[in-house]
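Enquirer: I would like the atomic coordinates for the input below:
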Amino acid sequence: MIRDQRGFTLIEVLVTLVIVGLLIALGAQNFSNLQTNAHASHIIGDFQAVATGVYSKMAIDGVLPNAVGWRQVPPELREYLPPDFEFTYRDARYRWRVWNLRQARQRGYIAGLQVRSANPETIRSLVGVYEGRMALIRANQVTLIVI
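Expert: Okay, the predicted model is just below:
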């Protein structure tokens, strides 16, 4: 008796589903990493806009903008930033800080943009992607140094 075989066996279907599932899992993880790196790159772009604004303010007025709270754009820096620039991006928020080193018996100051995120992966990716000076690195916060 000759049978006409059509279709796939159960084993072939299960093996195919396992392979497809593994490929989807790997692709989803890579996509998530790419997305996190893209958010970190956006934050770096925001930092560069702030740094450029600070350098412009210092070149014109000779002083640094005053430190302010989280999500607040220093008023004296507003004119040097792009229109509608906000000190926040997705789950990240920014704060402009200035530390006077005279209290530590040194000369000068350090100024930077603090970045805080509820997602530690965003900070971890930011630390991995950014190539400039950083300080105060924590699980949910990092300071990117301007001066």
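Enquirer: strands of the protein, residue ranges please.
Expert: Applying DSSP state E to the chain gives strands spanning 88-89, 92-100, 109-117, 134-135, 141-145.
Enquirer: which pLDDT value belongs to the most centrally placed residue in the chain?
Expert: With distances taken as Cα atoms, centre = their mean, A40 lies nearest the centre of the chain, 2.7 Å away. On pLDDT, A40 comes in at 93.
Enquirer: show me what the top helix by length along the chain packs onto, helices and strands only.
Expert: Longest helix in the chain, counting residues (DSSP state H): helix 10-61. Helices and strands touching helix 10-61, by 3 or more Cβ pairs under 8 Å, 6 or more residues apart in numbering; DSSP states H and E, are strand 88-89, strand 92-100, strand 109-117, helix 120-129. Quick note: C-beta positions are derived from backbone N, CA and C, even for glycine.
Enquirer: select, out of those, the one closest to Q35.
Expert: Smallest distance to Q35 across these (Cβ to Cβ): 9.5 Å, for helix 120-129.
Enquirer: just the buried positions in that closest one, please.
Expert: By 16 or more other Cβ atoms under 10 Å, the buried positions in helix 120-129 come out as 122-126.
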